[in-house]
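> take this sequence and fold it.
(2 chains)
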Amino acid sequence: MEVFGDLAGGFATALHPINMAMLFVAVVLGLVIGVLPGLGGTSGVAILLPITVFIAHGSLPGSDATTAIIFLAGIYWGALFGGVITSILFNIPGEPWAVVLLFDGFPLAKRLGKPGLALSSSFVSSFLGALVSTILFTFFALPIALKALEFGPAELFAVFLLSFATLIGLGAEAPMKSVAMLALGLLLAAVGFDTITGEQRLNFGQVSLLSGIGFVPVTIGLFGIGEILASAEEQGIGFVENIPARLGLTDVFEALRELRKRLRLVLSNAIIGFFFGVLPGHGATAASFLGYGLARQYSSNKENFGKGEISGIMGPQAAADSAGVASLVPMITLGIPGSPTSAVIMAGLFIWGLQPGPVLFIQHPDFVWGLIASIYLGHLLTFILCLLAVPLLAMIMRVPYAIITPFIVVISIIGSYSLNNSMLDVFITVVFGLIGYWLRKMKYPLAPLVVALVLGDSTERELRKALIAGHGSPLYFFNSALSTVLIVAAVVLVLIPLVRTIRARRRGAAQAAVAHP
Amino acid sequence: MVVLIAAVAMFDSRAAFSPSAGTAPGDVGARWYPFWAASIMGVASVIVGYRALTTPQGAEGAFEGSRSLFAVLKLAVPMFAYALLIGGIKWRTTDFTYTVIPPFGFYLSTALYMGLFAWWLGRYKVWWVGAIAVAFPIVIFAVFELGFRVSLPKSFLYETGILPF
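Numbering: from 1, shown residues only, chains lettered A, B, ... in the order given. Below you'll find the model as predicted:
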């Protein structure tokens, strides 16, 4: 099998001393970011993205773009694990995907007095979920990429359209808000020079806007600053609970025994999480709720859920970590991010001078396989660190607000400035921080905005290339069977919420009619 | 409730103004795509606004009391000031450029900013405030300037040679 040879080469790359060192640093940073409630995985990756530019260009001895992606992805793995620690010990979710662990993780730790078991159950199922997902990643990535190499502009545009449609059709928020955010992202991406004709647009005569609005300052603002502002509002809630925790080997063995009883649940949730994560725009958070629902649905003792049932920890964790890994698959193979975090990582690829998508497998196989190998290593490392360092990580929660909050602002500003040495970028970050906070408050989803912002240019380019090839006729998109199928699927996905609303209204009307005959 | 509706309307109008930038739908040129993106956004936000106006809202408004608004402002206002302080403010007229605030550069601004939070929100003792204000810029200098070789903005005192940062 060719895959094993490629993977072995990947391990050779990933095991380079500098790559291992950066993976270690990244995982530790990711765990810290995961534990801090005001800072999420996406923000962490966005804030540290500018630093990777210096890593990719060899500021550290022996580092290159592969080191940079291993670093960025490692932060994500750390955050995927770290977010649960505060959910279980403090009843405060460190990350959005750790919210479900409040239902059963915290009760198991508090009421049943088994914090060690709760934590180790979460870690073993996360690890297994991620492992399953990485194996699927290893075998699926190359075939998808090779197929995608045959795509023309029409097919590519259809794929982009489908990914936008999933954001609208399967989003958790009101679909019209997703549409508005999507269009805003496309609009922001269009600022500056037009890629085909070179015409200036939407810059209102400002020279500094000609190169477009940078993805990095916008994302650091929306996620980094936006989250800090949102959590500032929630301050004063304070620490409700604080359970001291120490993980012993007995806890780990007990968790493994519990895992054996639930192996089918964890494996099936991991596989479902993988396919869910591949769909654009969702990633770990949505998968964790889905995983909890499935665990409850197929459990023989449903009444234990909410009181510290271990399936309620293992089910969502397996799905969430699996989806987190899987969200990188469409990014690497097709150039379409599966989650906001992978959208940020994809922007990193652009900045390092790489083109995400199928060509990556041909031109930079060492990069792709090094990344895949590092996912195995990164999760192993995170798992071991989690088992050893829980008391230390729990201490991070005691760093006072008056220090940690301004520090995150300072790091965000360094990040947005250093990419282009531009104070304009700093102000874009601050302004988008306020916008991000406001959008959060008004319950507008941020995922469509970020995905559209990073895909805007390519979408427009492929659309116009296809229209030029078809002499302006939109029928060109229906020349190939694949693009026809994809476009029809996209239309159906957009219509789903509409049909749901109409149905709900009809049912409501019918019920009203029954109530008042 | 009024606050919330006003907020949605504000957001709405902000969104609806933007199509004015791409008013040349004509042939498929540079303007076609942003125009349609903007129109879709306008239509979607009008629908969202309409829904928000027609569905009953809770009476508490967007902010839960003035305390949470204050908590956000406490963070947002110093952040703006901090960003302004790094680059300084210049007032340009046709023949003169007045310096309203000289650029404090990254390190001095950070010291002031971190110190302010430690003193104001943290209510630490004076020597702790001083230690925080000095320690953080030094660590940042070591990591970024020496480690990653990132050059951060320097102060007006750097240009005159009084300070090394």
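> and the closest residue in space to B:V48 that isn't next to it in sequence, what does it touch?
Spatial nearest neighbour of B:V48, chain neighbours left out: A:M176 (4.9 Å); criterion: C-beta to C-beta, 6 or more residues apart in numbering or on different chains. For glycine as for every other residue, the C-beta is placed from the backbone atoms N, C-alpha and C. If you count contacts by C-beta atoms under 8 Å, 6 or more residues apart in numbering or on different chains, A:M176 has them with B:44-45, B:47-48, B:51.
> how about A:G324?
A:76-77, A:80, A:97, A:130, A:133, A:277, A:283-284, A:287, A:339, A:341.
> helices and strands around the helix or strand hosting A:L162, which ones?
Per DSSP states H and E, A:L162 falls inside helix A:153-169. Under the contact criterion of 3 or more C-beta pairs under 8 Å, 6 or more residues apart in numbering or on different chains; DSSP states H and E, helix A:153-169 touches helix A:175-190, helix A:447-469, helix A:481-515.
> in CSV: these, plus distance to B:G147 and mean pLDDT.
Below are those laid out as CSV (distance: least, C-beta to C-beta, whole Å; pLDDT from 0 to 100):
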stretch, distance to B:G147, mean pLDDT
helix A:175-190, 33, 80
helix A:447-469, 28, 80
helix A:481-515, 46, 77
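> point out the most buried one among the ones you listed.
Each of the helices and strands packed on helix A:153-169 was scored by mean neighbour count; the highest is helix A:175-190, a mean of 25, by mean count of other C-beta atoms under 10 Å in any protein chain shown.
> quick check: which ranges of the chain have low pLDDT?
Going with chain A. Applying pLDDT under 70 to chain A picks out residues A:1, A:37-38, A:170-173, A:194-211, A:234-246, A:281-282, A:397, A:472, A:509-517.
> wrong chain, I was asking about chain B
Using pLDDT under 70, the flagged stretches of chain B are B:1-38, B:42, B:52-67, B:91-94, B:97, B:100, B:157-165.
> break it down into its domains, please.
Chain B breaks down by automatic domain parsing into domains covering B:2-54, B:65-159.
> can you report how many residues lie near B:S151?
Using other C-beta atoms under 10 Å in any protein chain shown, the number of residues around B:S151 comes to 11.
> CA atoms only for the helix holding A:L162, dumped as PDB, please.
Taking Å, rounded to 0.1, in the frame of the first residue of the first chain, the C-alpha atoms of helix A:153-169 are listed here in PDB:
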ATOM      1  CA  PRO A 153     -14.100  25.900 -12.500                       C
ATOM      2  CA  ALA A 154     -17.700  24.700 -12.700                       C
ATOM      3  CA  GLU A 155     -17.100  21.800 -10.300                       C
ATOM      4  CA  LEU A 156     -15.000  23.900  -8.000                       C
ATOM      5  CA  PHE A 157     -17.700  26.600  -7.800                       C
ATOM      6  CA  ALA A 158     -20.300  24.000  -7.200                       C
ATOM      7  CA  VAL A 159     -18.200  22.600  -4.300                       C
ATOM      8  CA  PHE A 160     -17.900  26.100  -2.800                       C
ATOM      9  CA  LEU A 161     -21.600  26.700  -3.200                       C
ATOM     10  CA  LEU A 162     -22.400  23.400  -1.500                       C
ATOM     11  CA  SER A 163     -20.200  24.300   1.500                       C
ATOM     12  CA  PHE A 164     -21.900  27.700   1.800                       C
ATOM     13  CA  ALA A 165     -25.300  25.900   1.600                       C
ATOM     14  CA  THR A 166     -24.400  23.500   4.500                       C
ATOM     15  CA  LEU A 167     -23.500  26.500   6.600                       C
ATOM     16  CA  ILE A 168     -27.000  27.900   6.000                       C
ATOM     17  CA  GLY A 169     -29.000  24.700   5.900                       C
END
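> next, the buried residues of it.
In terms of neighbour count (16 or more other C-beta atoms under 10 Å in any protein chain shown), helix A:153-169 has its buried residues at A:153-169.
> just checking, A:I345 touches A:P330?
No: between A:I345 and A:P330 there is no contact under C-beta atoms under 8 Å: 12.0 Å.
> and B:G122, which of the three is it?
coil (DSSP: H, G, I helix; E, B strand; the rest coil).
> in contact with A:I33: list those residues for me.
By C-beta under 8 Å, 6+ apart, A:I33 lies in contact with A:39-41, A:43-44, A:75, A:78-79, A:82.
> ditto for A:V368
With contact taken as C-beta under 8 Å, 6+ apart, A:V368 is in contact with A:10, A:141, A:332, A:360-361.
> host element of it?
Per DSSP H and E: helix A:365-396 holds A:V368.
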